[in-house]
Structures are given as C-alpha cells and as structure tokens.
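[1] model this:
(one chain, ligands or ions: 1)
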Amino acid sequence: MLVFVLNAGSSSLKYQLINAETSELKASGIVERIGIDGVLKHVISENKKLTIEAYIPSHKEAIELILETLTHDETKTINSIDEIQAVGHRVAHGGEYFKESTLVTDKVIKKIEELIPLAPLHNPANILGMKICMELMPNVPNVAVFDTAFHQTMPEIHFLFPVPHEDYTEHHLRKYGFHGTSHNYVSKEAIKLLNNKKDSKIIVCHLGNGSSICAVRDGKSINTTMGLTPLGGLMMGTRSGDIDPGIIPYLMDKKGMDTHQIIDYLNKKSGILGVSGISSDLREIIGAANDGDQRAQVTIDMMCNRVKKYICSYSGLLGGADAICFTAGIGENSDLIREKVCENLDFMGIELDKEKNQIRTHGNREINKPTSKTKIFVIPTNEELVIARDTYNLVK
Ligand code: AMP
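    Residues are numbered from 1 along each chain as shown. Predicted coordinates for the structure are as follows:
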C-alpha cells in the first residue's frame, strides 16, 4: 500500500511516499517558505533530486505541486495520484482524546480543532493539511497520528503538575509529552535488540533541534521530559527547557516583556542559541568549542548535564535500565555528546565503549562495553515509517 505521509507546519510541509508493506521509501521532500516565496526540494534517490523555486501562496498550492512532482515526467515516482492509497498525517497534539492513531472523520477534525489552544501553531496547520488532502484526493482515506498519543499511558503521578487540581479538570493542564512517534519506534526497536525481553526498562534520548527523553516500561511510556507544550524538559536548540518558573515574572518586570515576548524569548532565543550566543546548530557550537570558545564549551556541558540528569532520574524511576537509546540529529550523529552524557555513569552499570561509539554506520548499533549492565544503543528514528504503518493498519 502506497502511503503519502504529510507533516504540515505553519509555513512548511514535509512529505514522504512510502510503501507501507515493504517499508520502501519511494520519494520524500519538503516545501518551505509557503506564503513568503516558496521552495520545493524533492528527493527520489541519492542521485536524483530536484529543487523548484517559485511563489507558493498557500498550503493547497504546495500540496498540488508535490502531487504534480510525484507524477511528473522527470521526477515521476507514480503514474497517477490514484496510486496513493492512503494519507498519514502527523498531528502535534491529540490531548487526552487520542490515545492512538485514528481514521480522520469530521468528528476527529472537530476534536483536533478543540485542541488548538494546546498547540496553537501546529494543530491548525495539521487540520489544513487534512482538509486539502480530502479535497484533492476525495476517495483516499486519511489517518491522524499524534505526537502525544504514545505518552497517554503515563500514570497520573507523572502527568500532573503540582498546581491546583481544578486547572487539570477544567483547563486540561497536565503533561502530554511529544516526539511520541519517535519514542514509540525507537523503544520498539530496542526491545527487538533485547530479544523481546519481558518487562523491559528503556530510556530513549531523542536529541535533535527539539529534544526529549522518555522512560519506557514494557513498551509503554511512563514519563517524558516535555510537558503541556514542547518547551519543557531538556535544553534544546532555541528552547530553554525546564527553568525556575519565577524567572518569567522577574524577566517580564525587569525587561518590560509581555506574554508574547516572553514566549518568544523562551522558545526561540534560549537553549543552545541563547547560552552560546553563536547558533542553535550544535555542530557550530562543537566547532567553536574546539577553537577554544569558552561559552561554547559551557553550552555543550550544560546540555549534556541535563540529559544525564534525566537518565539518572528515569533510571531511578524504572529501577534500572536495560537500555539507553540515542536517536535524532544529535543522538545519532554526535559521538562527543554520547560520550559526555555517559561519562561517570559506570557506577550505575552504564559503560560506554569509546571506540564503538566513534564508528559511524547506518542502522541500529550497540556501543556499550561487553561488561556494561545497561546496553547503549544508537537507533536512527523513523517517524514517517511509523505514520505509514499506522495508516496502513487502520486502512487495510
Ligand atoms: P534534528 O532536529 O533531529 O534534525 O537534529 C538537528 C540537530 O542535530 C542540530 O543541532 C545539528 O547540529 C545536530 N547534528 C547533526 N549532525 C551532527 C553531528 N555530526 N554532530 C553534532 N551535532 C549534529
């Protein structure tokens, strides 16, 4: 079954065309700067890529352009859009309604709309993507796959915030967690690597521009670092992660900031970018630290310490860990960060093999010493494949 996987953002669209039965990736791409100017980057294979720069006024024109590119002479992957048998949509926030992926119906769209206050930037774009696909491919079923769904198994003691309880019951204030599709995929891969161990205890570190850690017991999320919004938890590319909440009124007072400015400050100007003053891209920070930049070094150390803090915390919660998994841009590619995170954790039975850690290969790999009680895995994430498989399972 050919599944078109769509990840719609406010001014961008990422897509993949996947054969869900064989997991074969047929084509992928991204449309950026929708409504500004517009650029489509389409990839069929390593040697076959295409870039189109043209004014793309709206998401509808963007999806039309993608579908045209998929069926166009030079970039042809399919003969006609009729070959697309289902569309899988990444949806940011499913609140407490959606504990798993679901077929898109008018009722489902209404619920996702109700959740817009919890994800004001993402859910509207996700809904738009669904409505356009339903219009352009009226006979094709659509499936919504939620970033929050995997974490719906978290027990109350982990999802409640220590604030008055009526704000949970009346205003849905609780931890939801994100990156669920990635944590789900990576933890399942880890369980396979552990020979399907029963009651497995796994800690997944999804470290990218956005980062989160998840404690997974027997395949179920029991705690994760992001909260009501993706601002919580780890220090990220431009997001602060956890801070003393008292900082917010203090800064608003000192710098005369309003709500929008403080949200912007914590979401877009903090984290790796804010501390380093250089960039949100960790490669640049590592480069600067190698050239002797002290603040860049402090940025790296702060970031790694926060990851370490959660690994220790979640190990305590799980009563030890069978495996620690690293995934996403930083987790998959940076041996330096993995080494720093695992440093001094031998006392807990986490022993990294520094040589194995430095070997760069594709696919899942084990990088712990043979004596390590806890396995350390690098597992490349594949959120699109999870979306395609969930879509297939619901549609078939
Ligand atoms: P993602 O959001 O998963 O695409 O991850 C993006 C982040 O991964 C950026 O901060 C990149 O700098 C970082 N990254 C990618 N490759 C490397 C690498 N080889 N070493 C360090 N960081 C990397």
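[2] Could I get the phi/psi values of residue 215?
    Residue 215 adopts backbone torsions of phi -100, psi 120, taken as degrees, to the nearest 10.
[3] What residues does it make contact with?
    201, 202, 203, 221, 222, 223, 224, 314, 317, 318 (C-beta atoms under 8 Å, 6 or more residues apart in numbering). In short, each C-beta sits where N, CA and C put it, glycine included.
[4] Next, give me the two most distant ones among the residues you listed.
    Greatest spatial distance among the contacts of residue 215 (C-beta to C-beta): 201 and 224, at 14.7 Å.
[5] need the contact list for the residue in the stretch 251-396 of the chain that the ligand sits nearest to.
    In the stretch 251-396 of the chain, the residue that lies nearest the ligand is residue 329 (2.0 Å; C-beta to the nearest ligand atom). By C-beta under 8 Å, 6+ apart, residue 329 lies in contact with 207, 208, 209, 282.
[6] Tell me which residues are up against the lengthiest helix in the chain.
    In the chain, taking DSSP state H as the definition, the longest helix is helix 294-318. Outside of helix 294-318, the residues within contact range by C-beta under 8 Å, 6+ apart are 201, 203, 205, 207, 211, 213, 215, 217, 222-223, 225, 233-235, 241-242, 272, 275-278, 282, 285-286, 288-289, 321, 324, 336-337, 340-341, 343, 345, 348, 350.
[7] Check the offset of stretch 367-376 from the chain's centre.
    With C-alpha atoms, centre = their mean, to the nearest Å as the basis, stretch 367-376 stands 26 Å off its chain's centre.
[8] Pull out the buried positions in it.
    367, 368, 372, 374, 375, 376 (16 or more other C-beta atoms under 10 Å).
[9] who touches it?
    With C-beta under 8 Å, 6+ apart, stretch 367-376 has contacts from 190, 193-194, 320-326, 338, 342, 348-353, 356-357, 366, 377-378.
[10] Just the buried subset of these, please.
    Neighbour-count burial (16+ other C-beta under 10 Å) is assigned, among the contacts of stretch 367-376, to 190, 193-194, 321-326, 338, 342, 348, 350-353, 357, 377-378.
[11] helix or strand for residue 7, which one?
    According to DSSP states H and E, residue 7 maps onto strand 2-8.
[12] for that strand, packing partners?
    With contacts taken as 3 or more C-beta pairs under 8 Å, 6 or more residues apart in numbering; DSSP states H and E, strand 2-8 sits against strand 13-19, strand 86-91, helix 123-136, helix 383-395.
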